[in-house]
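Trainee: Sharing a sequence plus its predicted fold:
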Amino acid sequence: MLGFLLVVLLIPYLIAAYGLLFVKLRWGLRLFGAFIVATIGLLTAMFLVEAYPIIARDGVAVFLQTRWDPVRESYGVLQALTGTVLTSAVAMALAMPMALGVAVTINEILPARWRGVFGSLVDLTATMPTVIYGLWGLFVLGPTLQSLINTLARDTMTSPYTLFTAGVLLAIMITPYAAAVIREGYALVPKPVEEAIYAVGATRFEAVLIKLRYVRNYILGGFFLALGRAMGETVAVAMVVGGNFVRFTTNVFESGITVSSLIALQFPNAASYQYMVPALFAAALLLTLFGLAINAVAIYIIQRGQI
Amino acid sequence: MTVKRKVENITAERMVINWLGLGLFALLGVAAVVPLFLIIGDVYIKGIDAINRLGGLWVFLTELPPTPFDERGGIGPMLVGTLYMTALGALLGIAVGFPLGVYIGEMRREKFANVARAGVNVLVEFPTIVVGLFVYAVMSLAKENLNQYLLGPLSKVLSPLGGWITWFIGPLDGFNAYAGAAALSIIMIPYVALITASAYASIEQPLREAAYAIGGREFNALFVVLRKAVSRAVVTAALLGTAKIAGETAPLLFTAFGNTYYAPFTGPTAAASLWIWYAAQTPYDVQIASAYGAAAVLLTIILTIFIIARIRG
Amino acid sequence: MFTWSKTFYQVTGSKIQVNYQSIGSGAGAAQFLEKKLDFGASDVPMPRDKYEQIAGRFVQFPVVIGSIVMVYNIPELTYSKTGKYLNLTSEVISLIYMGEIKQWCDERIKALNPGLADKLPCKDIVAAHRSDGSGTTAAFTLYLSRAYQPWNQTVGWSYTVDWPADKKAKGTGAKGNEGVAQAVLQTPYSIGYIEFAYWAKNKDKYDQVGGVAFVRNDNDGKYYFPTTENVAMGAAAGLERYTRKYGTKPAPEADWNPVSIEFSNPPQGYPIMSFVYVFLWKDYAAEGYGDAATKAALLKEFFKWVLTDGQKQENIVEGYISLPSEVAKIGLEALNLVKP
């Protein structure tokens, strides 16, 4: 009955929210905010309900260990979370500079005629089915990175499929998202402001820096969008990350696993076991809590900065 | 004398930084797009070759997928499924994402708005397969009652319209196109919301005040007067979101499930992304080729939508 | 299965659509049990605990035979250079994946390959395995469990296992047969297990980087090369052993886990192989499916075709082997048990 009610009440809720927009705008908007909070709440509730069996059995050990032994029904998802953190860090470190570079290149360096085409092509790559990225990573990126890294430092990467490979692939995939957001903002810098910047004698580069500071809202938006995408990317990461569930490692040049790819790789067969589905949802729960923590920190920093 | 030389030195140093800095940005920009363009190029080269080998464009767009023994084949059912589910998903995604983005961006002083923003940031980072599982769970709970109380009677009422209506509305199977569309829309909402929010948050105060002054009612001010200022970003949000969900695979695995035939949308539905997922990982060359062909077709559709939108907007 | 579906669709004049998606063996069983699917397919039989829950209400039977090969990448010993392939045994393979044999120049590998012993390099073995839950892994680890007792005690068999090689030596995971195939092709000094078809398609590439292994059948002591005939020999021998042990052929309503145990590591023939099983309910109406009579009739017609015409060589894709006719008969008996 619960599911039925959920589905049936959805349409009236949305209609009410839309109607309210016309009558009392602010309350209408708040209803939409409530919708998203409710969705997150439902999802988290689902995680809790599904993860309960293994938390009841093992307590927080499931979050603090690194283990994956379906034969003995013993699971620990610490490596998955570590992997998510590591791959996201690598991805963001590479992607944000590139996204800024793309935004600046399109808006400042390219001649006007080429901007639309170039921009559309970059946006197009955000569309690419993730499995194609995965295949490219499998056949091209992994081996290339392995040769590259091993030439610089012998035998660092024993396998082409490591956390580093996943991080680089993610960086390529999420750059268009951050770039699209930043580009939009950059193009909207008002003419008077731009003229003022040049009037005080700034060089092109200095003007760029000032404009970037001006659109920092967009850069922040792009950052979180890209970060979310990096943490949630499932398919492409699953194909290149390497699948090491049992040995805890913080070395990005080793095979590893992330929460998203762990669920994608193991879920199809998970129903055959007693505790694997709960373990996977426990990993999802951990990821959610981690995401909330990051957001809390970010909000705190922003508010400190503003005051 | 001294002053003049100082000015010249500063200028020379700043000029060097200028060229180095711009060069760095250009390098980063190129570094970003080179792999992107490589991948697009690879997909198109292999895809166009595949479409030709598998029977030409018309065959590819309409026929059923090839088995390892076939020499011709296509992605007809997949194309239909992707178009249907992406359209529905995008509709819902924009319908919810846009007002949400306005709320987060425009009313950011409110505490609840910050809570909502945190919620959106968290939603965007969920593993996409988990969203699919959520819809699967809701679907499992709701299916019996839904079919009994709502869809059964509805399809009886609509049956005079003809048999074709059962392809769209009717009692739902465990796996169906609407579950797939729902999962896709949940994934799309945060993308639309975040980009819209950035747009509204960046409107400077004077412009906003002017809009309120002219607009009278708040609704007018926000949506009508400020339309020009934000429409670019909003269109980008809608396009990017739609394009993203067209290529999503994981959320469809347990909702739409996939199909290799033309079938009603109330049952398991095909999708281009699911076919690519399946076919690219088989050892059979004809199926791998069809996967690249499908990717090329998908990209072309999206590109067309992009270009049309940019020309008009 | 998809090939059968499409061929059947054409044979019936585009009337009957059987939609098959390869979502994984465990998912096939799980979704079948949740009644989301009309039939399930899997590389291993219905697990014992699930079997006990639904015993008597469903049937399972094999539809085709698959096999697994061991590919390796050793730059000094490529087939194109030496004209020879490595010999391996279940014990050595187990020890590699248990992390006990860490280098290619280990004495135990040398003992099996006297002709190549001096060329085996002292490099670390990178043992590639699946990162996703997989019926291929299940069949592979089942074979190792049956053939080498210490493996059974420490690791066991399942869709995913805790690979000691990841902890003690250099193990790496990859997604799908395609992933493991690529990992071995790209990583020097690696070894991996993949389905026959993935090797057959890339045979030349593997010959350039290393090759495929002859695997010894521990029961008759001979080394077998992975070929269709050798696998068929293994299947027939396994069936014979089961029949001799239990006095009768496996029944469709029985628990097939003992069967798969007897088929693993058969008395002769290429030892690493598995059946693809299909699950059907006996009474679709009673199980709560809508449109039960039509569904049951269509399923029976489809699988009857699969077990007869479908077993003809032209309908079987490369890498799979048709059933011995006695085994196919078991499936036909099973169909008779499905109402109506």
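Mentor: Thanks, I have the structure now. The model shown is predicted, which means the values in this text are computed figures rather than measured ones.

Trainee: Next, count neighbours for whichever residue of chain A sits closest to chain C.
Mentor: Taking C-beta to the nearest C-beta, chain C has its nearest neighbour within chain A at A:Gly243, 2.0 Å off. Heads up, the C-betas are built off the backbone N, CA and C, glycines and all. When neighbours are defined as other C-beta atoms under 10 Å in any protein chain shown, A:Gly243 has 34 of them.

Trainee: what does the one 3 residues further on give?
Mentor: Other residues near A:Val246 number 21, with proximity taken as other C-beta under 10 Å.

Trainee: what pLDDT does the residue of chain A closest to chain C get?
Mentor: Note on A:Gly243: pLDDT of 84.

Trainee: measure it to C:Pro258 for me?
Mentor: Distance, A:Gly243 to C:Pro258, using C-beta to C-beta, to the nearest Å: 31 Å.

Trainee: ok, B:Leu61 - contacts?
Mentor: Going by C-beta atoms under 8 Å, 6 or more residues apart in numbering or on different chains, B:Leu61 touches B:74-76, B:79, B:297.

Trainee: make that A:Ile55, sorry
Mentor: Per C-beta under 8 Å, 6+ apart, neighbours of A:Ile55: A:62, A:278, A:282.

Trainee: Adding distance to chain C, secondary structure and neighbour count as columns, could you present the contacts of B:Leu61 in TSV?
Mentor: As requested, the contacts of B:Leu61 are exported to TSV (distance: C-beta to the nearest C-beta, whole Å; DSSP: H, G, I helix; E, B strand; the rest coil; neighbours: other C-beta atoms under 10 Å in any protein chain shown):
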residue	distance to chain C	secondary structure	neighbour count
B:Gly74	12	coil	25
B:Ile75	14	coil	32
B:Gly76	13	helix	18
B:Leu79	17	helix	21
B:Val297	20	helix	21
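
Trainee: Tell me the one among those nearest to chain A.
Mentor: Nearest member of these to chain A, counting by C-beta to the nearest C-beta, is B:Val297, at 11.0 Å.

Trainee: And B:Val131, how close does it get to B:Pro68?
Mentor: 33 Å.

Trainee: where do the strands sit along the chain?
Mentor: No chain in the question, so chain A it is. For chain A, strands defined by DSSP state E occupy the ranges A:66-69, A:74-77.

Trainee: Can you name the residues in contact with the first one?
Mentor: Strand A:66-69 is contacted by residues A:74-79, A:245-248, A:266, C:160-162 when judged by C-beta under 8 Å, 6+ apart.

Trainee: want to throw the residues you listed into CSV with distance to chain B?
Mentor: Converted to CSV, these look like this (distance: C-beta to the nearest C-beta, whole Å):
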residue, distance to chain B
A:Ser74, 23
A:Tyr75, 17
A:Gly76, 18
A:Val77, 13
A:Leu78, 17
A:Gln79, 16
A:Phe245, 16
A:Val246, 21
A:Arg247, 22
A:Phe248, 21
A:Gln266, 11
C:Thr160, 17
C:Val161, 22
C:Asp162, 23
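
Trainee: Show me the shaky parts of the stretch 151-300 of chain C.
Mentor: Scanning the stretch 151-300 of chain C for pLDDT under 70 picks out no residues.

Trainee: residues in it within reach of chain A, list them.
Mentor: When proximity is defined by C-beta under 8 Å from any C-beta of the partner chain, the stretch 151-300 of chain C lies next to chain A at C:155-163, C:166-167, C:170-176, C:178-179, C:182-183, C:186-187, C:190.

Trainee: Looking at the residues you listed, which are in strands?
Mentor: Judged by DSSP E, the subset of those located in strands is C:170-174, C:190.

Trainee: Just the helices from the stretch 151-300 of chain C, written as ranges.
Mentor: Along the stretch 151-300 of chain C, counting by DSSP state H, counting those that start in this stretch, helices occupy C:164-168, C:176-186, C:196-201, C:203-209, C:228-246, C:257-263, C:284-287, C:292-307.

Trainee: actually the stretch 101-250 of chain A, sorry about that
Mentor: For the stretch 101-250 of chain A, applying DSSP H, counting those that start in this stretch gives helices covering A:112-127, A:130-136, A:142-152, A:163-187, A:191-199, A:204-214, A:216-232, A:235-240.

Trainee: how about the third one, does it reach chain B?
Mentor: No - using C-beta under 8 Å from any C-beta, no contact is recorded between helix A:142-152 and chain B, whose separation bottoms out at 10.3 Å.

Trainee: and what of the shortest one?
Mentor: Yes - where contact is defined by C-beta under 8 Å from any C-beta, part of helix A:235-240 touches chain B, namely A:Val235.

Trainee: State the pair within the ones in strands among the residues of the stretch 151-300 of chain C next to chain A that is farthest apart.
Mentor: Farthest apart among those by C-beta to C-beta are C:Lys170 and C:Ala174. That separation is 13.5 Å.

Trainee: more neighbours, the two?
Mentor: Comparing C:Lys170 with C:Ala174 by other C-beta under 10 Å, the one with more neighbours is C:Ala174, at 33 against 21.
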